[in-house]
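Asks: need the 3D shape of this:
(chains A and B)
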Protein chains: 2
Amino acid sequence: MKFELSNVYQEWLEKMIEQNESLAIQQSLQDIYPADISSVLYEFNAEKSKYVLDLLKKEVSAEIISNLEEDVRKKFLKNFSSTEIASYLDYVDSDDAADILNEQPVLVREEVIAHMTDQEKASHIVDLLRYDEDCAGGLMAKELMVANVNWTVVQCIEEIRRQAEKVEKIYSVYVVNDQGFLLGRVSLKKIILASDQMKIADIYDPDVISVETYRKDDEVAAIMRKYDLEAIPVVNVQRKLLGRITIDDIVDVIAEQAEQDRQLMSGISENVEEHDSVWTVTRSRLPWLIIGMVGGMLGASFIGLFEKDLIIIPAMAFFIPLITATGGNVGIQSSSMVLQTLANKTSLGNGFYERFIKMLLVALVNGVVISALVFIINFIFGQSPQLAIVVSISLFSVVLLSSFMGTFTPIVLNKIKINPALASGPFITTANDIIGLAVYFGTSRLLHSIF
Amino acid sequence: MKFELSNVYQEWLEKMIEQNESLAIQQSLQDIYPADISSVLYEFNAEKSKYVLDLLKKEVSAEIISNLEEDVRKKFLKNFSSTEIASYLDYVDSDDAADILNEQPVLVREEVIAHMTDQEKASHIVDLLRYDEDCAGGLMAKELMVANVNWTVVQCIEEIRRQAEKVEKIYSVYVVNDQGFLLGRVSLKKIILASDQMKIADIYDPDVISVETYRKDDEVAAIMRKYDLEAIPVVNVQRKLLGRITIDDIVDVIAEQAEQDRQLMSGISENVEEHDSVWTVTRSRLPWLIIGMVGGMLGASFIGLFEKDLIIIPAMAFFIPLITATGGNVGIQSSSMVLQTLANKTSLGNGFYERFIKMLLVALVNGVVISALVFIINFIFGQSPQLAIVVSISLFSVVLLSSFMGTFTPIVLNKIKINPALASGPFITTANDIIGLAVYFGTSRLLHSIF
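Replies: Down below sits the predicted model:
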């Protein structure tokens, strides 16, 4: 059953650590899942955490270390010698081991590899270090079950027996030819149901979806999600089988992607959490606030150009927040719709023309309703008809302009390989504010000269 | 390999449908994955899609239907008779079948169940219809491999053979006692490596994580993600095994949750996409724009109370967008940080006090920097010192207030079981705007009476 972490337990554990009660700690932790122990350790400093880890079985500690978040782990492993790190890596899958090493300084990395006892794993890790973290090569593990197409079922079972300890989860056995090229897959279910002397060639399924090492992580996620795969083999451009990516890593990719998009939309630089230091949090937020501030000051100097108009009609100032807020709301709505389509990488996108027409129609309806309502309210509450007209015409134009900006900014950003979620962030809302002010005061001047 | 969908192919297929070239269509589609055929069908109307589906093998069509999005499928199945729907459901897993039936009117639902040939599946589906869609019971499938703890390995393999056709993906075999209570699991790997006469009792792993039927989908997702599970057994409160949830359904839950949060943050009512009709899109967006509009009008009448001040110092109007934008940016940043913590359901949360102090420190730093910068700029560009002081004091207060609002609104919403992502949406930005204006004009009045 799920272990519910309590603050009481955490406090108890902290006291036990201080009192050096290693036996009590060992007993209390032995039935707890590694993932739950990780959660407890987040609340402790690096020394206390190390004290706990040293009391646990190596494979449990290794799993805990591979569960930790990157930044926490980086700090944490500073207390460990290269030999200690190496001894844990022997129990960690090659993909996680490569991630852990990638966080270390080059010197530590090489020392750790030199200290590893499992030479095969060490060479797997060195292989994996070559790949970017955010591509299929960086996500794959080298641990996988491979069978030669010419083997019999009993040979395949022998191989499973031999590898059983190294490959924790077997979803299917990948079938290759003598040169190691991927031919297909055979499920464990089929192996169980086949008779021993059957050939792999007779039972394997040649219809296997694979990805090349250079594919981006979000592409891999989209493919695995579309075809409901729990694991996907990774091949090089010649279709040589190099590794496999399992769904648990992809679940993390999907969740992190969503997280990153939300942070960009909120004006937070990536990868900050509530428990980070005040300085880290400030550093990630202040630049965006300054961008907004610069925008606000530009807006101020822009309105300054119309000081005379404001002296004549002070009521013009009343509607500034209405204009800027509407622009912001419409812009964010529009870009959010496009973001959703862009996120859905496997479907056919709309063409420019189709999207433009759709956007225009929605904006027209919204613009007409909003500006008509505002006109009626202004009329009832006795604003001058001129001002009421200026406000409503401006609102209508702002809805149209912001829809256009909101719809096409993410598309342009995506084209030039910038995360389109930025289009819903403060940078664009700030731009929208200035556009809104320009439309408002511009319309007022224009109508003033007409009336 | 991945099938890349092209507009050319889609046009060709459309022409073939019009010319009734069923053989050519069958041939062109036979090597294409069902998930890819689904993508093509999204571009066709219901009649054309049905024409294509009728040409395919029943199991392929069934998979395509279960891949379709809810709203599309609902429209689409209106063209099918109850008998036709029933014939597809025989090929669909019970969880997907229940989802499909849930979208149908009650009468159709009962007709379809009556027409199903697989009586066991029909009763499974009826069982599943009882559960809410967004809890573990609504996510689980009844198809799973179960072994009695007293069986031998060879009996277990016999059962796998018997069930092989019904259970597409076997991750592990769940072990139960004579009363059907969940005792543990045994992996296929272990079954392959065990000798035939071994008892399940000797090889099974009693350490199995399960969820009760009433658990919420996001809780299940958090558990599966935390413990890296590819499937999780679902039990009732007595621990009787009822079904299992597979990771592919959970991946969808995670992606949909992220999507829903983003839409709430952007002021879009749930479940709208770019390809929906103008009317649907407008309906989902207009209410939020009207909320923003009402806020803007309230802001306008609020500023109206200070018309005299504006007549004396028209330059006060210049800084309205700066004040409201800063409040909005700070508020969204703060709530986004909290959302992230709330989303991470399995970790220990911060206490009120700790969170308040952290928030206050970050807000103080950001507030001081922003208002100092604005003061310097205003001073250099020759605004009156009084106004410069009013603007900077207001900015500073707005940063503090919006941080507080942004931090605690999502927490309160979460407590009263409302999606906390709402706190980053237009409703709160609108509230922030009004607070900002109140602070700005209030400060000005206050200082005016002091100076």
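
Asks: mean confidence for the longest helix along chain A?
Replies: Assignment by DSSP state H gives helix A:385-415 as the longest helix of chain A. Average pLDDT, helix A:385-415: 91.

Asks: mind checking how far that helix is from the chain centre?
Replies: Distance of helix A:385-415 from its chain centroid, counting by CA atoms, centre = their mean, to the nearest Å, is 30 Å.

Asks: packing partners of the first helix or strand past it going along the chain?
Replies: Scanning forward in sequence from helix A:385-415 by DSSP states H and E, the next helix or strand is helix A:426-450. Helix A:426-450 sits against helix A:278-304, helix A:307-312, helix A:320-343, helix A:385-415, helix B:320-343, with contacts defined as 3 or more CB pairs under 8 Å, 6 or more residues apart in numbering or on different chains; DSSP states H and E. Every C-beta, even on glycine, is put in place using the N, C-alpha and C of the backbone.

Asks: out of those, which gets nearest to residue A:59?
Replies: helix B:320-343 (29.7 Å; CB to CB).

Asks: from what I see, residue A:117 and residue A:89 are in contact.
Replies: No. Using CB atoms under 8 Å, residue A:117 is not in contact with residue A:89; the gap is 9.7 Å.

Asks: pick out whichever of these two has more residues nearby.
Replies: Here residue A:117 and residue A:89 are compared on neighbour count by other CB atoms under 10 Å in any protein chain shown; more neighbours surround residue A:89, at 27 against 10.

Asks: buried residues in the longest helix of chain A?
Replies: A:387-411, A:413-414 (16 or more other CB atoms under 10 Å in any protein chain shown).

Asks: which of these are close to chain B?
Replies: residue A:399 (CB under 8 Å from any CB of the partner chain).

Asks: if we can go back for a sec, what sits in contact with each of residue A:117 and residue A:89?
Replies: Counting by CB atoms under 8 Å, 6 or more residues apart in numbering or on different chains, residue A:117 and residue A:89 have no common neighbour.

Asks: neighbours around the residue nearest to residue A:329 when sequence neighbours are not counted, how many?
Replies: In this structure, residue A:329 finds its nearest non-sequential neighbour in residue B:292, 4.6 Å apart by CB to CB, 6 or more residues apart in numbering or on different chains. Residue B:292 is flanked by 26 other residues according to other CB under 10 Å.

Asks: taking helix A:426-450 as reference, get the angle to the longest helix of chain A.
Replies: Counting by axes from the mean of the first three to the mean of the last three CA atoms, to 10 degrees, helix A:385-415 lies at 150 degrees to helix A:426-450.

Asks: helices and strands around helix A:385-415, which ones?
Replies: Other helices and strands packing on helix A:385-415, by 3+ CB pairs under 8 Å, 6+ apart, are helix A:320-343, helix A:352-380, helix A:426-450.

Asks: export these to JSON lines and tack on distance to residue A:261?
Replies: Formatted as JSON lines, the helices and strands packed on helix A:385-415 follow (distance: least, CB to CB, whole Å):
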{"stretch": "helix A:320-343", "distance to residue A:261": "7"}
{"stretch": "helix A:352-380", "distance to residue A:261": "20"}
{"stretch": "helix A:426-450", "distance to residue A:261": "14"}
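
Asks: can you redo those helices as a markdown table with mean pLDDT and mean neighbour count?
Replies: Listed next are the helices and strands packed on helix A:385-415 as a markdown table, based on pLDDT from 0 to 100; neighbours: other CB atoms under 10 Å in any protein chain shown:
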| stretch | mean pLDDT | mean neighbour count |
| --- | --- | --- |
| helix A:320-343 | 88 | 27 |
| helix A:352-380 | 90 | 18 |
| helix A:426-450 | 87 | 20 |
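
Asks: domain ranges for chain A?
Replies: A:7-133, A:146-246, A:275-450 (automatic domain parsing).

Asks: pull out the buried positions in stretch A:54-63.
Replies: A:56, A:60-63.

Asks: now do stretch A:118-137
Replies: A:118, A:121-122, A:124-125, A:127-128, A:131, A:135-137.

Asks: could I get the CA-only coordinates of it as PDB?
Replies: The C-alpha trace of stretch A:118-137 is given here as PDB (Å, rounded to 0.1, in the frame of the first residue of the first chain):
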ATOM      1  CA  ASP A 118      30.900  -3.500 -14.100                       C
ATOM      2  CA  GLN A 119      32.900  -2.900 -17.200                       C
ATOM      3  CA  GLU A 120      30.100  -3.500 -19.600                       C
ATOM      4  CA  LYS A 121      27.900  -0.900 -17.800                       C
ATOM      5  CA  ALA A 122      30.800   1.500 -17.800                       C
ATOM      6  CA  SER A 123      31.200   1.300 -21.500                       C
ATOM      7  CA  HIS A 124      27.400   1.600 -22.000                       C
ATOM      8  CA  ILE A 125      27.400   4.800 -19.900                       C
ATOM      9  CA  VAL A 126      30.300   6.200 -21.900                       C
ATOM     10  CA  ASP A 127      28.300   5.500 -25.100                       C
ATOM     11  CA  LEU A 128      25.300   7.400 -23.700                       C
ATOM     12  CA  LEU A 129      27.300  10.400 -22.500                       C
ATOM     13  CA  ARG A 130      27.700  11.400 -26.200                       C
ATOM     14  CA  TYR A 131      24.000  12.200 -26.700                       C
ATOM     15  CA  ASP A 132      22.100  15.400 -25.800                       C
ATOM     16  CA  GLU A 133      19.800  15.000 -22.800                       C
ATOM     17  CA  ASP A 134      16.700  16.000 -24.800                       C
ATOM     18  CA  CYS A 135      16.900  13.600 -27.700                       C
ATOM     19  CA  ALA A 136      16.100   9.900 -28.000                       C
ATOM     20  CA  GLY A 137      19.800   9.000 -27.500                       C
END
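
Asks: so for that stretch, what's the average pLDDT?
Replies: 91.

Asks: do the same with stretch A:259-274
Replies: 80.

Asks: how far does that stretch stretch from one end to the other?
Replies: As for stretch A:259-274, its first-to-last residue distance stands at 13 Å under the measure CA to CA, to the nearest Å.

Asks: what does that stretch contact?
Replies: For stretch A:259-274, contacts defined as CB under 8 Å, 6+ apart pick out A:71, A:280-281, A:283-285, A:287-289, A:291-292, A:332, A:339, A:343, A:419, A:421-422, A:424-426, B:258, B:261-262, B:265-266, B:329, B:332-333, B:335-341, B:343, B:350, B:355, B:358, B:424.

Asks: swap in stretch A:48-68?
Replies: A:13-14, A:17, A:22, A:25-26, A:29, A:34-35, A:37-38, A:40-41, A:44, A:73, A:76-77, A:79-80, A:87-93, A:96-97, A:99-100.

Asks: try stretch A:376-394
Replies: Residues contacting stretch A:376-394 (CB under 8 Å, 6+ apart): A:313, A:315-316, A:319, A:322-323, A:371-372, A:374-375, A:436, A:439-440, A:443-444, A:447-448, A:451, B:297, B:301.

Asks: end to end, how far does that stretch reach?
Replies: Using CA to CA, the two ends of stretch A:376-394 sit 15 Å apart.

Asks: any idea how far that stretch is from the chain center?
Replies: The chain centre lies 46 Å from the centre of stretch A:376-394; the measure is CA atoms, centre = their mean.

Asks: again with stretch A:212-226
Replies: That offset, for stretch A:212-226, works out to 13 Å (CA atoms, centre = their mean).

Asks: stretch A:68-82: end-to-end distance?
Replies: Using CA to CA, the two ends of stretch A:68-82 sit 18 Å apart.

Asks: what comes up buried for it?
Replies: For stretch A:68-82, by 16+ other CB under 10 Å, it's A:68, A:72-73, A:76-77, A:80, A:82.

Asks: adding pLDDT and distance to residue A:273, write these out as TSV.
Replies: What follows is those, written out as TSV (pLDDT from 0 to 100; distance: CB to CB, whole Å):
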residue	pLDDT	distance to residue A:273
A:68	87	13
A:72	82	10
A:73	88	14
A:76	87	16
A:77	90	19
A:80	91	23
A:82	93	29
